[in-house]
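*Asks:* I'd like to go over a predicted model; first the sequence, then the structure.
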Amino acid sequence: MKKVLILMLIFGIFVSVTNLDAQKKSNKPIEGKVVSMNDLAIGSFQTWTKEAAEAEAAKGTPFVFMSGTGKKAQIYFVYNEDGTFASKKLAKYAHNAKVGIVGTVKKINGINILIMELIDTM
């Protein structure tokens, strides 16, 4: 039993140290645009109005942040600092051509996670 507990403790420390290496705090904003997951799935990006995007988010359509274009595009699932998914907050910026987000980037299981501190129109 003690061996199992020791192994679990060592594994926990290893995961914690690995996650620290995978974090990157950005002091300047990451620039990109807000897109819906539906747009990503079909590969066609629509132009949102603020009202339409907020209505879609209220229905449960998830919004994410896309930085870059083409093969160099990075998709980020954005979370608030309290750990809640920031889809509804992102929807308020979906009508803007360019948005900047300041926060901490983590890569977990190959997925880009952005813990947002600040979002604004660029």
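*Replies:* Here it is on my side, so go on. Residues are numbered from 1 along each chain as shown.
*Asks:* So, low pLDDT: which residues of the chain?
*Replies:* 1-23, 26 (pLDDT under 70).
*Asks:* got the residue ranges for the strands in it?
*Replies:* 24-25, 30-36, 63-67, 74-80, 99-108, 111-121 (DSSP state E).
*Asks:* If you count contacts, what does the shortest one end up packed against?
*Replies:* Packing partners of strand 24-25 (3 or more CB pairs under 8 Å, 6 or more residues apart in numbering; DSSP states H and E): strand 99-108. From N, CA and C alone the C-beta is placed, and that goes for glycine too.
*Asks:* tell me what the strand it packs on is packed against?
*Replies:* Partner elements for strand 99-108 (3+ CB pairs under 8 Å, 6+ apart): helix 2-22, strand 24-25, strand 30-36, strand 74-80, strand 111-121.
*Asks:* Mean neighbour count, the strands of the chain: which tops it?
*Replies:* strand 63-67 (a mean of 22; mean count of other CB atoms under 10 Å).
*Asks:* Output the contacting helices and strands for it.
*Replies:* strand 30-36, helix 37-42, helix 50-59, strand 74-80, helix 87-91.
*Asks:* from the chain's centre, how far out does it sit?
*Replies:* 7 Å (CA atoms, centre = their mean, to the nearest Å).
*Asks:* cool, stretch 44-53 as well?
*Replies:* 19 Å.
*Asks:* can you give me the end-to-end distance of it?
*Replies:* 15 Å (CA to CA, to the nearest Å).
*Asks:* So what touches it?
*Replies:* The contact list for stretch 44-53 (CB atoms under 8 Å, 6 or more residues apart in numbering) reads 34-36, 39, 56, 63, 91-92, 94-95.
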